[in-house]
Each structure stands twice: as structure tokens, then as C-alpha cells.
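J.: fold the following for me, if possible:
(2 chains)
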Amino acid sequence: MSYSERAKGLLARSKADEGDTVRLRAGGREHVGILMPHHGFSHPDVIVIKLGSGYNIGVRVDDGSELTVLAKAGARAPRPMPPQPSSGLPPVSFLGTGGTIASYVDYRTGAVHPALRAEELVATVPELAGICAPRSRVVLSLFSENMDVNSWQTLAEAVADELNAGAEGVIVPHGTDTLGYTSAALAFMLGDGPRPVVLVGAQRSSDRPSSDAYGNLLSSARFCVQADAAEVFVLMHGEPSDTYAHVHRGTKVRKMHTSRRDAFQSVNAPPVARVDIEGGLEMLAPCRPKGTGNVRPELAMEREVGLLYFHPGMGPELVRKVAEGLRGLVVAGTGLGHVSQGVVDVLREVVSQGKPVVMTSQCLGGRVNLNVYDTGRDLLSAGVIPGEDMLPETALVKLMWVLGRADDMEEVARLMASNLRGEISERREL
Amino acid sequence: MHPVTCGLEVHQQLDTRKLFCSCRSQLVEGQGARFVRRLRPTQSELGEIDRAALAQAERGMRFTYQAPPDVSCLVEADEEPPHAADAEAVQAALIVSALLGCQVMDEVHFMRKIVIDGSNTSGFQRTALVAVDGALEVNGRRIGIASLCLEEDAARKVDAKDREVTYRLDRLGIPLIEIATAPDMHDPEEVREVAQRLGSILRSTRMVKRGLGTIREDLNISVPGGARVEIKGVQDLGLLPTYVRTEMERQHALIEIKRLLRERGATPVPPAVRDVTALLRDSRSKVLRSALTKGGKALCAPLPLFAGTLRSADGRLRLGAEMAQHARSRGVAGIFHSDELPGYGITAEEVQALRAELRLGERDAFVLCADMADRAEPALLAALARANQALVGVPEETRDPLPDGTSVYSRPLPGAGRMYPETDVPPILIEPERLAGIRAALPELPEARIARLVGEYAINEQQARQLVRDGYDELFEEVGRGKGMAAVAARTFLSTYPELQKEGVDLEALSDAKVREAFAALSAGRFAKEALPSVLREMARGADVEGAMAALGLEAMDQGDAVHILDAIIAERAEFVREKGEGAVGPLMGVAMKELRGKVDGKAAADLLRERVRVFLEG
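T.: Numbering: from 1, shown residues only, chains lettered A, B, ... in the order given. Reported below is the predicted structural model:
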């Protein structure tokens, strides 16, 4: 909720700005403190003041309330940044996307500011300078849920520029909600890049002393420099402890918990590596080694692709409508990859219109198999492409990318069934 | 000018669910799952890190957490955002605010107060200012209430070694009401009385926990010319006046040390240490030998003109002890200083050699520390920094209370500006109607309760006052309702308890449930009231009431058995009884009670004895 007209009027008349020291008389009481931003869940008549003790309080104003500015907020002194001495360590690029992987707190107003520039990063995470020569630029400024194909393209280009300029690795701090989608998109767009790209996030924001951001960030830098690995990866905590991080293949990783530090898990594949937060690196699965040469990103993507989560009772008509505006469809089916008979019939129609349909499983774990049951066989005969053991989200991103370079249904089916970026496991052991 | 100025901060645990999740708020024995964390101070906008936070971070600590099931969940593990504040806890805070006549905020906002000693998994304590500007009256004096906050309790430290501390999460998140008084107290005894009164007021809500550790006091003390020192976490209210007195002495001694040093023209000691390992290589001191054989070093620093201030002959000036506490906070076992040497296996010759090496005069002192070099040096530097503070006077600091009434240095006083908003918890609008409702239905205040106890239970006022002050009133009313039980209950809490405590019985082990059980058995006539202290003693040692009775041989006796025993006693003394007639009852009572104590109520036994004597005399 925003301010009421009454509160707005009071603030406007007094010419008080956030950060000013003010005196507020309301309800027969007087409060002196710093005017704070309105809290989203505060009552519309409430003005928030930070008292000298550091506590915020909400004061409800009425028509008789008075607000007086006692002192305007002083201009924030810019943070002195020590120049970075050249260390001879390998250059690693940090590309900002809008998340606050590193930040500092303005205790005066309670605001949390992201550390964006390389100097700021090093100032807040000084250990970085002992691992690599950090470079930094801001590519996007978005909440991760607002990312789209354009964002992925912008980011892929920026990553390619950094790699081609000689970066030993590129680290992309990213909001965790859609981290797995972006890592898949970068994996398909960047192809056989010569050096690693690591997407990294934090499940506890970086303004908190307990944040996992710092351990993850440092582990990412260490992985870029020390590991002979050149794919697109996601690095996050491996367990609730600040002990080690797991490195996941960008096409095999999924956020599996809303809040735990170890929310990110490799699905249908082992993690690629384990990085001890206090140093130490262990490779857990083979991956493409570092190489030379430039990367030419393949950015084209078909935007009109959807992901449909089937459920019992889902009306075939709904599916028909969803598919109408699309060029391709990924279905998260039940079990081995099933949908109701009515939906099978609609999918057959969709395929017959030249729109590829890829089947994945809501089970996430395991491979779809359309040969076992009648419904599966019906789907196969309807022309539905089995998505093997791909994550539904990865299959979606892949179909977008495949449709960006192939129209022919057979070619699309061939590409979708091929393991291009480690998104499909040939075999999975017990 | 007042000889001392004190303020109190009372922290009272609430008997509700946890403040930000629905875990039970109870301490447990189980350890549960374990995980390990580090905390790092968040830099402020201007690159400043709070001095208290920094002092903690410099120690490079690693924290292990035990997460027992049922009393901790993902919220305590900092693996899930906090839920909305517990409604019952908020209500309790509002009730206490009203009882203290405080002004309640229109909207309550939770803040994050940075604490990186590991006691909060998040690295901050969630706290909200609920009310300000109240007062209470103690012995006719008005004591101001500066603020009332609702906050979460910290995790419980269960182990600490070197740079690793282990906490259990059972206590983390238990709601606390924090009441800060104004610095209105000027007498050690008054501090205790105010604490007791606040305790009674809190308990009157019947929403607070009782027992050791459920109420903790932070004590702010300063003397003229001294500084504000906070003694944090006092659990034994009885010791409050002692802490005030010892802190007054400590500050006076420090003021005296400053005067002495200034008089001598002492100047700040440069932060430099000397390696004197070679001089002490063959020392027979156990401490030195064990450090040096492990590859450690003996480091030393001169303190020009400090002689006699580290420990004066009369033991009153003890700067050395202060310096040792600072050194220990950097992980060493301790330091030696020249006012206590020769000693501890260090010989006069070794002291002479050190003095010669450092070119010290008679009025100069030195400190010595033996440990691994990466530890001994920072420790010694911390000790020197403390020595230099002595030139300025009494440093502001936080101190930990010790059971003997003294305290030790724990960390610098936290700065004010280390709070920022807890955006995960929505603010709470306090409607005026809600406050009016609370004010209209306030719980009974201590004075009213004392009067009512006197009227309802026929105990005297002093007993009632003591029951309320010591927090036994609630349980007293529960167990004292039965016929004749009030007097027994009052005696139990006011005489038996102190006696048991004197014997060394752990009263904490005597839970409310156990006391209820004992009184239920007593009311049912299972044993006589004379046996109650023994029963409680057994129960404090872990027995249930059945076990206690069995151990004491207290199977309640039926009338027939008692008659049989009394008749035998009378028969053995037939001559005497015939001679004295009914007058024999008195003298025989002692003999009879030897047999019947605990099995038959005393008065009942007397009545029965009289009856049996009559029967005997009537032939």
C-alpha cells in the first residue's frame, strides 16, 4: 500500500524527503528521527521514522499532525575505493544482472545498496583479489522473474565479449528464481565456449552476515581459475552448512527448494564438481576442458514456445487454446510422460499443424518412455517427441533455441533428441 | 552527585510459541542435526563496520549449530524466512506495556540488530520497539521505563573451544520482552527491588516463563568519573546488588590507576612486542615449557611506569587482570605481568634477565605471553591496548557476570547504528481500540494480588508479598486451594524451599508439574504433610511421587494399623499411662510420631492417641 492522500499532503507541505531528520507531532505525541521510506505493508496513514536508538516506528498521522524538517539529509559521501593493483592473477569478469550478490547497508536509512563496480565488489569481498583479477560490468538490471529471451541474448553477447577479450572465466551473479532457465539458455547460445561461465546466486541476501553469497562468489572465482572446465555452470551451496558448494551443469540444474541454501540440485546427473568454501576443489563428473579460440554465440530463439503442466481433469479445449498462439509446446506429463486421452488427441492436432510437441515428466527424476503404456504409444504415434531425461524447463529453452535455427519437423525432432549441451544423459547409474 | 547510577534491562521469555515460527519454545537435551556456518560483518555504506561486530569477526570464528527436532525448524536454521510475529507474544508485549503505563507505537516495526557472535544464525537479532515512556514505583520512588521491545532470544551456547563455538537452536527465537529502565537507580539494593518488581509485573500476565534462565538482566552501571559498563545476562536477581558494588569498586580502582599513571607521567605504550624466547628457553614454568615445546614463542612488552598498577600490594588495583581478559578474548590462556612475578614457576633470575633485556627501571612493568606466535602477538597487543585505555580512564564495555559477583570483559559496547529494517516481517498496526480493550481487562497487579491472597487463603501479608515477589504465587494458588493446603503450600515455598536449597538440592529440577503431583498425593491423604519436604527432596533428585514415597517408606497407613501401633506403645508403658491418665498423651506423642511420622498427619495422630489412651483407661 502506498501513502494516503493525508500522509502525502503532510509530506508535501513539509517538503520532507526520505533521510531528513524530522519532528513529527501526531496523536498528542512528538517523535524526532529520520524519515524512512513507506513500508509496503504499512497502513496508508503511517509515516515511518527511525529514532535515535536505531529503531523504526510507524506513526499514524491525522489531519492535525505536524511534520517539520529539522535537518536535510546530508549528501552521502562516496565510498573511497582503493585502486586495484595489478596482481598478475587471471582476469575473471563479473557481469551484473540486477541481483545483489554483494551489497552494503546504509544503517542510517536501512537501505541496502548493491556492490556493482569491480572496486566495490573487491571492497566488500576483499578475498576475491587473492584469487583473480576481477573485472566487472553491469549488463542487466532486472529481478530474475522479469528475465526473458531478450535478457538471455544480451547476457550471452556480453559473456562472449568477455571470453573473447581473454577472461579466464565469467561469473554471472543472478537472482535464483530463474537461474536455471538462464543457465540453460546461455549453454545453448554459447555452445563450445573456451572457458567457464558460472552463474551464481544467494538464497540469503548479501546484506546479512549469514549470507551464502560470499562463499558462493569466492567458490565461483576459485572454480573459474582452478578447474579445467569450460561449460556453463551453476554454483550454489551443497548443504545448509558453509562447507562446500556444488557446481552443476547449466542444463541439468533446477531450484528444488524455495529457501534452503542447497536449493539447487543436479537432476538426472551428478554435480560436476565440489568446491570447498575454504579452498579445495574436487571434480565429480567429466566435463569439457578449457580451450582456445573465440566463441560466436548463436542467439536466435523462437519466443512463442510454451510449457504446459498437465493435471488430471485438464480440459482438451484449454490445451488447444494454449497451443493456438504457439510455435512449439513442451508438456510436463505425468509419470513416464503421459496426458489424458482427450489431450493426446489435441496434441496430435497440434503436431499436424507443424508445431513440435516435446514430452517431459513432472517426476523430474528419470527418463520419459512412451513405449511402455498405450497412452505413451498413442503420443508417439501422434508425433510427440520424447524429451528423454531433460528437465521440463531445459526442454522449453532448448525448443526455443532449436526452433530458432530449424523449421523442419524431422530436424527439430532430431535435435531435440540429441544431447547438445549435456542436457540429456545417455545413462544413469543407480 | 549520586555515588552510582544504574539502569536495568530485563529480558523475560514468553510462554508462547516461538516469535517467528510455530516451534515449541522449550529447552531440550537432544542435539539433533548439525550444521556449520560462518558470519561476516556487512559493511555499511561508508565502509564502517560496527566496532562490536568487528571485534567478533577478527576472531575468525566458526559456528556449529545443533538443531533439535520439535523445537527448531528451517526458520531457526536461517534456511527459511521468518513467519509473521506470534500474535500471542505481541499481545503479551502490549499487556505489559499497559501495565507499565507506556505509550504504545501506532505501528510496530521489526528491525535487524547485527550480532555476529554466532548466537543468531542470521547474524542479527530481530527486535521491535513496542512502547516507550512508562514508569513504576518502588519504595515511593518513581523509576522510569524508557522502552519496551519484543525480540527473539538467541541460541544457547553449549560448547566453546578455540575458534569454534557450538550453539543449540532450542532457545533461538523464543520471544523476549525487553524492558529498559531509565538510569534512575542509585542504590545497589534498589536495583534488586526494581528487578523483582518488574518480574512480578511480568508474571502477572501469566504469559511468561518461570525458572532459571527465563528472565535475564543486563545491568548498566557508572560511577562519577567512570563510564557506562554493561554487565550482561545476570540470572540470579539476588546477586544484582553485589554486581553493582563490585563494579563500583572496579571503576573506582580504574580511576585511581589513571590518576597514578598521569601523576607519574606515563604515556601510551607503542603496540610492539619483543621475542624473548631465547631468554626463557630453559624456564621451569609449566606454562612456558608447554608453549615452547609446541613450537610457540615467548613474547614480551614493556609497560613504562605501570609498576604497581597491574596488581597493587593490597590487591585493589588490578589492571593486569583487565589486560589478561582482553588477551584471553584473542584465544590465549592468559598472560603474566611483572606485578605477579616471580611466580608461576618463573624465577627471580628470569625476571631480572627480562628486565635487563627490556632495560626496565623500578617503576616500569612488563607483560609476557607464551603461545603460538600468531596467537600470542595479537593477544599481547590486545593487552597493551587495554593498558593504554587505563590512561584515559574507565572504558565503556560489555562484561559477563561471574557467579562470585564479579565480572569479566566480554566485548566493547555495541554502537547505536547497527540496525536496519527486517523486511521479511510485516509491520503490525496497533489499533487504539485494541489498546483500550487491553487496558479495560488488565491482569491483577502484584499489590492487588497480595491483598487477594491474604483474603482468600488466610495467609499473612508478609507471606503473600514474598510469594508474589519470588514468583511462587501462581503455583501457590494452584496447589493451595484444598482444605488446609494453603498453609502447607505457603510454608513449602517460603521455608522448605530455602532449606532444601541450603542443603544443595537443585530446585530447578522441581518442576511445577512435580509440585502439583506431590500436592495432589498429599491432598488425597497418601502421606502426611510432615513428609512433604522429604518427598520434594526425593522428587528433586528425579523420582516421581510414587518413587519418592516408596523410597521413604511412606505408604499411607490406614487407621487400623495406626491403632495397632498406638495400642502397642500404650501397652508397653501401661504403668505410666495409668498413673498420668490423659496427661500421658503429651509425653507419648513423641514416641508415637517416631513410628507414624509421614504416615499419619500429626494432628490426626494426636487425636487418635488421645482416643486410644481413653480406651485403654476405660479398660
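
J.: so how far is chain A from B:G32?
T.: Using C-beta to the nearest C-beta, to the nearest Å, B:G32 is found at 13 Å from chain A. Placement of C-beta: from N, CA and C, glycine included.

J.: quick one, what contacts that residue?
T.: Contacts for B:G32 (C-beta atoms under 8 Å, 6 or more residues apart in numbering or on different chains) come out as B:Q66, B:A67, B:P68, B:P69, B:S72, B:L169.

J.: then B:G238?
T.: So B:G238 contacts B:R192 (C-beta under 8 Å, 6+ apart).

J.: does the one residue in the stretch 1-150 of chain A that gets nearest to chain B belong to a helix, a strand or coil?
T.: In the stretch 1-150 of chain A, the residue that lies nearest chain B is A:G58 (2.5 Å; C-beta to the nearest C-beta). Secondary structure, DSSP: H, G, I helix; E, B strand; the rest coil: A:G58 is strand.

J.: the closest residue to it other than its chain neighbours pairs with what?
T.: Among residues not flanking A:G58 along the chain, B:E107 sits closest, at 2.5 Å (C-beta to C-beta, 6 or more residues apart in numbering or on different chains). Following DSSP bridges, B:E107 is listed with bridge partners A:G58, B:L429.

J.: going by residue numbers, what spans are strands in the stretch 101-250 of chain A?
T.: With DSSP state E, counting those that start in this stretch, the ranges of strands along the stretch 101-250 of chain A come out as A:103-106, A:111-114, A:133-138, A:169-173, A:197-200, A:232-237, A:244-249.

J.: want to try a markdown table for those strands, with mean neighbour count, distance to chain B and mean pLDDT as columns?
T.: Formatted as a markdown table, the strands of the stretch 101-250 of chain A follow (neighbours: other C-beta atoms under 10 Å in any protein chain shown; distance: least, C-beta to the nearest C-beta, whole Å; pLDDT from 0 to 100):
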| stretch | mean neighbour count | distance to chain B | mean pLDDT |
| --- | --- | --- | --- |
| strand A:103-106 | 22 | 4 | 67 |
| strand A:111-114 | 18 | 7 | 68 |
| strand A:133-138 | 18 | 17 | 90 |
| strand A:169-173 | 29 | 17 | 95 |
| strand A:197-200 | 29 | 17 | 97 |
| strand A:232-237 | 30 | 10 | 98 |
| strand A:244-249 | 27 | 11 | 98 |
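
J.: what would the ones you listed look like in JSON lines with distance to B:A353?
T.: Shown next, in JSON lines, are the strands of the stretch 101-250 of chain A (distance: least, C-beta to C-beta, whole Å):
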{"stretch": "strand A:103-106", "distance to B:A353": "51"}
{"stretch": "strand A:111-114", "distance to B:A353": "57"}
{"stretch": "strand A:133-138", "distance to B:A353": "51"}
{"stretch": "strand A:169-173", "distance to B:A353": "57"}
{"stretch": "strand A:197-200", "distance to B:A353": "57"}
{"stretch": "strand A:232-237", "distance to B:A353": "54"}
{"stretch": "strand A:244-249", "distance to B:A353": "51"}
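
J.: returning to what we had before: nearest to chain A, of the contacts of B:G32?
T.: B:A67 (9.0 Å).

J.: the closest one reaches B:R37, doesn't it?
T.: No - counting by C-beta atoms under 8 Å, B:A67 does not reach B:R37; the two are 11.6 Å apart.

J.: now B:R156. Its backbone dihedrals?
T.: phi -100, psi 130 (degrees, to the nearest 10).

J.: with adjacent residues omitted, what lies nearest to it?
T.: B:R171 (4.2 Å).

J.: sorry, back to before: select only the buried ones of the contacts of B:G32 in ChimeraX?
T.: Provided next is the ChimeraX selection string for whichever of the contacts of B:G32 are buried by 16 or more other C-beta atoms under 10 Å in any protein chain shown:
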select /B:66,67,68,72,169
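
J.: buried sites along the lengthiest helix in chain B?
T.: Secondary structure assigned by DSSP state H gives helix B:240-264 as the longest helix of chain B. Neighbour-count burial for helix B:240-264 flags B:240-244, B:246-248, B:250-255, B:257-258, B:260-261 (criterion: 16+ other C-beta under 10 Å).

J.: if we can go back for a sec, need the contacts of B:G32 in a markdown table (columns: distance to chain A, pLDDT and secondary structure).
T.: Shown next, in a markdown table, are the contacts of B:G32 (distance: C-beta to the nearest C-beta, whole Å; pLDDT from 0 to 100; DSSP: H, G, I helix; E, B strand; the rest coil):
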| residue | distance to chain A | pLDDT | secondary structure |
| --- | --- | --- | --- |
| B:Q66 | 13 | 98 | strand |
| B:A67 | 9 | 97 | strand |
| B:P68 | 15 | 97 | coil |
| B:P69 | 15 | 94 | coil |
| B:S72 | 12 | 97 | coil |
| B:L169 | 12 | 98 | coil |
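
J.: so which of the strands of the stretch 101-250 of chain A is nearest B:I231?
T.: Among these, strand A:103-106 comes nearest to B:I231, with 29.6 Å by C-beta to C-beta.

J.: run through the stretch 51-200 of chain A and note the low-pLDDT ranges.
T.: Along the stretch 51-200 of chain A, the model assigns pLDDT under 70 to residues A:76-85, A:99-119.

J.: count the residues that sit near the residue nearest to B:E80 when sequence neighbours are not counted.
T.: Closest residue in space to B:E80, ignoring its immediate chain neighbours: B:L74 at 3.6 Å, by C-beta to C-beta, 6+ apart. Residues near B:L74, counting by other C-beta atoms under 10 Å in any protein chain shown, number 16.

J.: okay then, goodbye and thanks.
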